[in-house]
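Trainee: Need the 3D shape of this:
(one chain, ligands or ions: 2)
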Amino acid sequence: MNVNKYNIKEKGFVDIKIDNELNINDEIDKLRKRKNAIILAHFYQNSEIQDIADFVGDSLALSQQATKTNCDIIVFAGVHFMAETAKILSPEKKVLLPDLNAGCSLAESCPANEFAKFLKKFPDHTVISYINTTKEIKALTDITCTSSNVLKIIESLPSDEKILFAPDKNLGNYVKSKTGREMVIWDGACHVHEQFSLEKTLKIKEEHPQAKIIAHPECEKQVLLVADHIGSTSSLLKYTIEDNSKEYIVATESGIIHQMKKNNPGKIFFIAPPKDSTYGCNDCNFMKLITIEKIYNTLKYEIPEIKIDEKLRKRAERSIIKMLKISEELGL
Ligand code: 13P
Ligand code: SF4
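Mentor: Ligands and ions are numbered 1, 2, ... in the order given. Presented below is the predicted three-dimensional model:
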């Protein structure tokens, strides 16, 4: 494949117009069968992408899935660090990301050179990093974690172990308050989860007093303090299925509402409003760069592909394997 021909370096995706007559879902189906490919999608993807995916899940489930599948190609409908994690875990597979511009503000808030300098100040600390990081950060990390397993991973460490947590300060402070553990925390955050307005959320609660507030731990402390349930995307979804309320105010990216509605016909979901509705919204602009058309082109032309230098891959892999091993032992 002539990558230059499609200008991938400049554009980050295959920019070829698709014939309007084409039934794109059928074509994607044919291509994935012919090429032994699977589409893994995060809960924050657009609903039509979630509906055509072979597997939809949170970051932990998606990384577990990447190790289980015996396909030849993984098309990742998510953001860059997720596709990168799949490639680190399955180097023999071709991992494709439909748009290389699908980054993550949280991962970007922790540049590897600055982080390496920061670590030098805390040489005797165990480094726990959230999966929303680059491969370079994972290579500097002892154990990777996700919002699904972070509490259990921290609790599995001896109580006198010194911990350095990166990159999300909101998640870090939440973990600190739940476990009572002292931790050095990197000052990073996600621009979507920092947007939720406590005031506007409480206004909805006032109008719908029966509604439960559910929040992702990347949200700011003041939002977490009023939440009835805090958890990863899969934990929030599970809560709406098992809990018997009829209404929920959801403080996380809006893509998850699709699964919540699908699994809970009849229940009502309000999206927690952003502080500044002129500029803010609850869509992750990076997640939403992935479209059905880009997935089709990616499957067809097999680009853009995630490639990782083998030495770096091996160093990054160690911290993810540790996470998967602990998660398996804990039945997560
Ligand atoms: P989950 O681990 O809950 O899927 O969260 C991923 C993420 O990007 C949150 O912003
Ligand atoms: Fe990254 Fe935030 Fe988007 Fe999640 S929602 S992928 S943390 S920018």
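
Trainee: The closest residue to residue 282 other than its chain neighbours and residue 283, how far apart?
Mentor: Leaving aside its sequence neighbours, residue 282 sits nearest to residue 254 (CB to CB, 6 or more residues apart in numbering; 4.5 Å). Any C-beta I mention is one placed from the backbone N, CA and C, and that applies to glycine too. Distance from residue 254 to residue 283, counting by CB to CB, to the nearest Å: 6 Å.

Trainee: Those two: which is more packed in?
Mentor: residue 254 (19 against 16; other CB atoms under 10 Å).

Trainee: Pretty sure the more buried one sits against residue 287.
Mentor: No: assessed by CB atoms under 8 Å, residue 254 is found out of contact with residue 287, at 9.8 Å.

Trainee: so what sits against both of these two?
Mentor: residue 44 (CB atoms under 8 Å, 6 or more residues apart in numbering).

Trainee: List the contacts of residue 67.
Mentor: Residue 67 makes contact with 89, 90, 324, according to CB under 8 Å, 6+ apart.

Trainee: So is the helix or strand hosting it next to ligand 1?
Mentor: Following DSSP states H and E, one finds residue 67 within helix 59-68. Yes: contact of helix 59-68 with ligand 1 (CB under 6 Å from any ligand atom) involves residue 59.

Trainee: what pLDDT, on average, does that helix get?
Mentor: Averaging pLDDT along helix 59-68 yields 94.

Trainee: in its sheet, what does the following helix or strand past it sit against?
Mentor: Reading on from helix 59-68 to the C-terminus, the next helix or strand found by DSSP H and E is strand 73-77. Sheet pairing of strand 73-77 (DSSP bridges) gives strand 37-42 (parallel), strand 94-96 (parallel).

Trainee: To ligand 2, which of those lies closest?
Mentor: Each of the strands paired with strand 73-77 was scored for nearness to ligand 2 using CB to the nearest ligand atom, and the closest is strand 37-42 (7.8 Å).

Trainee: now what about the closest one, what contacts it?
Mentor: For strand 37-42, using CB under 8 Å, 6+ apart, the contacting residues are 28, 31-32, 49-50, 52-59, 62, 65-66, 69, 71-79, 82, 86, 233, 255, 287, 295, 299.

Trainee: repeat that for 6 Å
Mentor: With CB atoms under 6 Å, 6 or more residues apart in numbering as the contact definition, strand 37-42 has outside contacts at 49-50, 53-56, 62, 65, 69, 71, 73-78.

Trainee: When you filter those down to buried only, what's left?
Mentor: Among the contacts of strand 37-42, those classed as buried by 16 or more other CB atoms under 10 Å are 49-50, 53, 55-56, 62, 65, 69, 71, 73-78.

Trainee: ok, so of those, who is nearest ligand 2?
Mentor: Using CB to the nearest ligand atom, residue 78 comes nearest to ligand 2 of those, at 7.7 Å.
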